[in-house]
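Participant: Give me coordinates for this.
(chains A and B)
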Amino acid sequence: MSPQHSSQPGLYLHIPFCSAVCPYCDFAVMHAAEAKRKRFVEHLLAEVALAAGAWRDPRPFDTVYFGGGTPSLLPPEDLGRVLDACRRHLTLASPAPWVYLEANPEDVTPDACAAWRRLGVRTLSLGVQSFSDDVLRFLGRRHTGNQARAAVEVAHAAGFDTVSVDLIFGLPGETPEAWRRELATAVALSPGHLSCYQLTIHPRTRFGVGAARGELTELPDADQAELFDLTHRFLGEAGWPAYEVSNFAKSPDHESRHNRKYWDHTPYLGLGPSAHSFAVGDASVRPRGAGDTGAAVGARRWWNEARIPRWERRVAAGERPVEGEELLGPQALATETLMLGLRTTAGVDLDDFAARYGLDLLATNDALVASLVADGRMVLRNGPEGRRLLPTSLGLAVADGLAATFDVSLPS
Amino acid sequence: MDHIRNFCIIAHIDHGKSTLADRLIQRCGAVEARDFRDQILDSMDLERERGITIKANSVTLPYTASDGRTYELNLIDTPGHVDFSHEVRRSLMSCEGALLVIDASQGVEAQTVANLYLAMEFNLQVVPVINKIDLPSADVDRVMEEIDRDLALDPFEAIQVSAKLGTGIDDLLEAIVAKLPPPDGDPEKPLRALLFDAQYDAYRGAVLLVRLLDGTLRAGTRVRLMHAGAEHKVEEVGYQRLKRVPASELSAGEVGYVLAGIKTLSGLAVGDTLTEAERPAAEPVPGYREAKPVVFSSIYPMETNDYGDLTKALEKLKLNDTSLIYEKDSSAALGFGFRCGFLGLLHLDVIQERLEREYDLSLILSAPSVRYRVVLDGGSEIYIDNPTFYPDPASIKEVFEPYIKATIMTPERYLGTVMELCRERRGVDTTFSYLAAGRMEVTSQIPLAEVLFDFYDRLKSLTQGYGSFDYEILDYRLGDTVKVDILVNSEKVDALSQLVHRESARPRALKYCERLAKTIPRQQFKIAIQGAIGGQIIARTTINPYRKDVTAKCYGGDITRKRKLLEKQKEGKKKMKMVGSVEIPQAAFVAVLRTEDDEDEG
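Facilitator: This is a model prediction of the structure:
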């Protein structure tokens, strides 16, 4: 199994600050003055200690992901203090976990990169979004296209294992030509990894309000589909094949080890406002397994307070700032396994699925699979490593709908 | 007996029959003003709303005439639609006279003529009544002319009224007394009572409405239903005012009700004759005919788990409507339901609406079908009204289908389009005649199957609402019938199969395919929708798969939200009907199976 498929847990740290809140963003973020940032860091350090007491998985964390928000807004010393706290209270992989850092292009300087490298950052994920100044202005970003290009080059020069570029597509009025230019620019910079996210207009954002007022028109579905196809075709041909709906890598070792954990039910611990955590089959889960009949599968997912003041208040009170939790029985896990598997090119391991959940997906969905295969949405592979159901790029485009179509009802 | 008048009101739909009845009832004081509710005889909500009488009712009115004598006026209500002509006949048989209502602005219509003929068939004395004279568009002179020419009645005998305002009602009551004959009959002879209606009372069971031709009837008498053969002991007799008023006896010529502890209506057939078990009459009242369903459709609940409710609702409806017949049916796509037989399209409509309104059910009805007579190769004959049971075409020698005689009245300027409509619907022996200046009567012999599919609506729209339509069943004639199946990704959707004339097969199949293509949402794969006769594809449409639906990203570790969305989506899908792997929303069945035409036909 490749390192991307490690079963060791991952650690996520949410840094909720932005220099400006983007009009499409629905994450837990806020503007932050220096003093607030300091206070946040103190609370995060405290949460690390609190969380450690409740985390039962003895295996070392082999990934640490600073996400946000804009983690690059935190001075490297603060990032270092957080990492030190993690090392002290939790078990991190030795010699070192793979550290990810999300950064805004305007924060990427040779000095900053050198500092991040010293902290152990191996993947620098750049929130480029676009190389076009007009688009960047529309998106409310603070950097320019030139700054974005420069940031990728600086990051390359600094020697990160993987430089990742985030792009957004499907903006109102975006043409295939314009999007192709963005992709071509990105590919010319040769990042190891690319994430191409489709703009989603969430209701409680400035874009959402604009759309509701009719000031902003979402790109029609057919056009979005065309851009999605274009993305997969263009990047596939250029040498960055998709490995997930929105994620593309120049080679398998550039694929995200951390995000992979979200998709295949590997445990993860999330700290900071709104962060989610997931633990499998630990002793604290099984007895309360929500009607599970002692089956070997059972998991828990919990999430932190999303509102920063509440999160801080609870941490300050010495409580874990957990807002809610969910116990997952075999049915929920089976549903997720299919839902998440269908979003990756690795697809769903049918034999593993059958062994885990006692359901042969092929047997209960034979007519569906046959028509999906006939239409080129899926491929059924029966190789030495077992039976797999893989979405094609046509299938990836409708992965959510596919998941809803399959009958995943476990035998009672 | 000469103080009794038994009469009915007959009219074309909407000419104001029920309002007139209300006014007569009110004038005779049979009901307190505060109890008065418009259109009392039309007791069902649906009847009041649609302005048609579905179920005949009747009432006895005491009336003191200008000669100082008090008369017993028995107003026998009649259903206002051709589908119920069987019941109309029973009602007419109970009367000596009829008020023929004609709308002062609409004039004589198809049913006016048909009703007059019916009344004459039963030797009723007819008094024409021109109603709605208060309308600005009323044209009494023209209507009088039509009465003379089209009905061959004396227009100067016609009473002019406005049932709405009460104008002319006194004249009308006097005319009923003066012009309609009293009943005859011999109270001493053996009992002969015509059962012309039966209602269901939750406490007393069946309430039989009867007209006594001979003899007398009182509580304690043992009666026999001459056709059904059943015997019952009479518990109570009386007059049907707005409430039942018990009486010591009913005698020849009178109209009243009979309670005999009969639990259900199912053994009662309108038209049957009650006689005394001890001293039976030699012959029943002639003209008894069983009500035969001519239109068939399968009814399924939208939600498969409403099947139990549907079962109960049909049982209850059946209590009051002996002409409704049904048996269990099931469909792979729609689950369990009932195959029902109806007296006609309106009857079907009425039952559907009552089920939906009174029992709060959402229903899917399969395409209505007639009953075909199929002669098999060996010479044996079977009747088929359900496409599911249609035999292998290879084993069929010939198929016969029922024909009707359609009578259409239309302003002259639409004659061409109406004739064309008849031709389109395979009408033969189409003839026309002038009724009055500018008005035509078209008659045509048309297969009943052809009027089931949006005929009436087309007629209405082609004649801008002026055309009227009436029909009677004629006979079975040789046809060229085929079974059309609808396939969704090669899976037959059994509920959409239908029997049609070969020439209509392709357009009908195409219409179904197109409607399905419009209403089935795009899915993950291409969906082929085909119409087929046996193995031969005669129509085809395709629904392309949708191309993109993933949201951009699984945000961090928040998989829960994503799964919840998915579960919600799946919940929605449960309400879909599955045909193979294709999800078909119920709305698609509803859209496909509606009989009206729409603009998409082009």
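Participant: What segments of the stretch 101-250 of chain A are strands?
Facilitator: In order along the chain, the stretch 101-250 of chain A carries the following strands (DSSP state E, counting those that start in this stretch): A:121-129, A:162-169, A:193-198, A:242-244, A:247-249.
Participant: Reformat these as CSV; add distance to A:Arg301.
Facilitator: C-beta coordinates here come from the backbone N, C-alpha and C atoms, glycine included. Rendered in CSV, the data for the strands of the stretch 101-250 of chain A read as follows (distance: least, C-beta to C-beta, whole Å):
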stretch, distance to A:Arg301
strand A:121-129, 24
strand A:162-169, 25
strand A:193-198, 23
strand A:242-244, 20
strand A:247-249, 22
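Participant: Find the residue at the geometric middle of chain A.
Facilitator: Centroid-nearest residue in chain A: A:Asn259, 4.9 Å away (criterion: C-alpha atoms, centre = their mean).
Participant: ok, that one touching A:Ala249?
Facilitator: No: using C-beta atoms under 8 Å, A:Asn259 and A:Ala249 do not qualify as a contacting pair, with a distance of 11.0 Å.
Participant: what's the helix or strand for the residue nearest to B:Leu75 when sequence neighbours are not counted?
Facilitator: With sequence-adjacent residues excluded and distances taken as C-beta to C-beta, 6 or more residues apart in numbering or on different chains, B:Leu75 is closest to B:Val59, at 5.3 Å. B:Val59 is part of strand B:58-64, with elements assigned from DSSP states H and E.
Participant: Could you tell me which residues within that strand count as buried?
Facilitator: The neighbour-count criterion (16 or more other C-beta atoms under 10 Å in any protein chain shown) identifies B:Ser58, B:Val59, B:Thr60, B:Leu61, B:Tyr63 as the buried residues of strand B:58-64.
Participant: Who is the last one paired with across the strands?
Facilitator: What it means is B:Tyr63. Partner residues in beta bridges with B:Tyr63: B:Tyr71, with DSSP bridges as the criterion.
Participant: Just confirm it contacts B:Asn74, I think it does.
Facilitator: No: under the criterion of C-beta under 8 Å, B:Tyr63 lies out of contact with B:Asn74, with a separation of 10.8 Å.
Participant: Touching, the residue nearest to B:Leu75 and B:Ile25? I think so.
Facilitator: Yes: look at B:Val59 against B:Ile25 with C-beta under 8 Å: they come within range, at 6.3 Å.
Participant: Get me the contact residues on the stretch 401-550 of chain B for chain A.
Facilitator: Among all residues of the stretch 401-550 of chain B, those adjacent to chain A (criterion: C-beta under 8 Å from any C-beta of the partner chain) are B:Asn489, B:Gln523, B:Gln524, B:Phe525, B:Lys526, B:Pro545, B:Tyr546, B:Arg547, B:Lys548, B:Asp549, B:Val550.
Participant: Tell me which two in those are the farthest apart.
Facilitator: Distances among these were taken as C-beta to C-beta; the most separated pair is B:Asn489 and B:Val550, at 23.7 Å.
Participant: Show me the helices in the stretch 51-200 of chain A, by range?
Facilitator: Remark: helices of the stretch 51-200 of chain A, listed N- to C-terminal, are A:76-89, A:110-119, A:133-138, A:145-158, A:176-188; assignment by DSSP state H, counting those that start in this stretch.
Participant: which other helices and strands contact the third one?
Facilitator: Contacts defined by 3 or more C-beta pairs under 8 Å, 6 or more residues apart in numbering or on different chains; DSSP states H and E place helix A:133-138 against helix A:145-158.
Participant: Next, the angle from the helix it packs on to helix A:176-188.
Facilitator: Using axes from the mean of the first three to the mean of the last three C-alpha atoms, to 10 degrees, the interaxial angle of helix A:145-158 with respect to helix A:176-188 works out to 30 degrees.
Participant: Which residues does helix A:145-158 contact?
Facilitator: Contacts of helix A:145-158 from elsewhere in the structure, counted by C-beta atoms under 8 Å, 6 or more residues apart in numbering or on different chains, are A:103, A:105-106, A:108-110, A:113-114, A:116-117, A:124, A:126, A:128-133, A:136, A:143, A:163, A:165, A:185, A:189-191.
Participant: again with stretch B:234-241
Facilitator: Taking contacts as C-beta under 8 Å, 6+ apart, the residues outside stretch B:234-241 that touch it are B:30, B:58-61, B:72, B:209, B:217-223, B:244-250, B:255-261.
Participant: If we use 6 Å, what do you get?
Facilitator: Defining contact as C-beta atoms under 6 Å, 6 or more residues apart in numbering or on different chains, one finds that stretch B:234-241 is touched by B:30, B:58-60, B:217, B:219, B:221, B:223, B:244-247, B:250, B:256-261.
Participant: Among those residues, name the buried ones.
Facilitator: The neighbour-count test (16+ other C-beta under 10 Å) applied to those identifies B:30, B:58-60, B:217, B:219, B:221, B:223, B:244, B:247, B:250, B:256-260 as buried.
Participant: out of the residues you listed, which one sits closest to B:Leu474?
Facilitator: Nearest to B:Leu474 among these, with distances taken as C-beta to C-beta, is B:Ser58, at 30.8 Å.
Participant: distance of that closest one from chain A?
Facilitator: Computed with C-beta to the nearest C-beta, to the nearest Å, the distance linking B:Ser58 and chain A is 58 Å.
Participant: Which secondary structure element is home to the residue nearest in space to the middle of chain B?
Facilitator: Note on chain B: the residue nearest the mean C-alpha position is B:His347, at 2.8 Å, using C-alpha atoms, centre = their mean. Here B:His347 is covered by helix B:345-358, with elements defined by DSSP H and E.
Participant: Packing partners of the very next helix or strand once past that helix?
Facilitator: Scanning forward in sequence from helix B:345-358 by DSSP H and E, the next helix or strand is strand B:363-365. Contact analysis of strand B:363-365 by 3 or more C-beta pairs under 6 Å, 6 or more residues apart in numbering or on different chains; DSSP states H and E lists strand B:295-301 as its packing neighbours.
Participant: contacting residues around the strand it packs on?
Facilitator: Outside strand B:295-301, the residues within contact range by C-beta under 6 Å, 6+ apart are B:307, B:310, B:329, B:334, B:337-342, B:344-345, B:348, B:363-366, B:368-369, B:385.
Participant: Adjacent strands (with direction) for the strand ranked longest in chain B?
Facilitator: For chain B, the longest strand by residue count, based on DSSP state E, is strand B:396-411. Listed by DSSP bridges, the sheet partners of strand B:396-411 and their directions read strand B:372-376 (antiparallel), strand B:439-447 (antiparallel), strand B:468-479 (antiparallel).
Participant: tell me the angle that strand makes with strand B:295-301.
Facilitator: Our comparison of strand B:396-411 with strand B:295-301, counting by the same axes, to 10 degrees, yields an angle of 90 degrees.
Participant: how far does the next helix or strand after strand B:396-411 sit from the chain's center?
Facilitator: Taking DSSP H and E as the definition, the helix or strand that follows strand B:396-411 towards the C-terminus is helix B:415-424. How far helix B:415-424 lies from its chain's middle: 25 Å, per C-alpha atoms, centre = their mean, to the nearest Å.
Participant: Format the strands paired with strand B:396-411 as JSON lines; extra columns: distance to B:Tyr239 and mean pLDDT.
Facilitator: Compiled in JSON lines, these are given as follows (distance: least, C-beta to C-beta, whole Å; pLDDT from 0 to 100):
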{"stretch": "strand B:372-376", "distance to B:Tyr239": "46", "mean pLDDT": "95"}
{"stretch": "strand B:439-447", "distance to B:Tyr239": "40", "mean pLDDT": "90"}
{"stretch": "strand B:468-479", "distance to B:Tyr239": "33", "mean pLDDT": "86"}
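Participant: any idea which of those is most buried?
Facilitator: Mean neighbour counts were taken over the strands paired with strand B:396-411 using mean count of other C-beta atoms under 10 Å in any protein chain shown, and the top value, a mean of 21, falls to strand B:439-447.
Participant: now the angle from that one to helix B:415-424?
Facilitator: Taking the same axes, to 10 degrees, strand B:439-447 and helix B:415-424 form an angle of 10 degrees between their directions.
Participant: How about B:Thr216, nearest residue that isn't a chain neighbour?
Facilitator: Nearest residue to B:Thr216, sequence neighbours excluded (C-beta to C-beta, 6+ apart): B:Ser251, at 4.2 Å.
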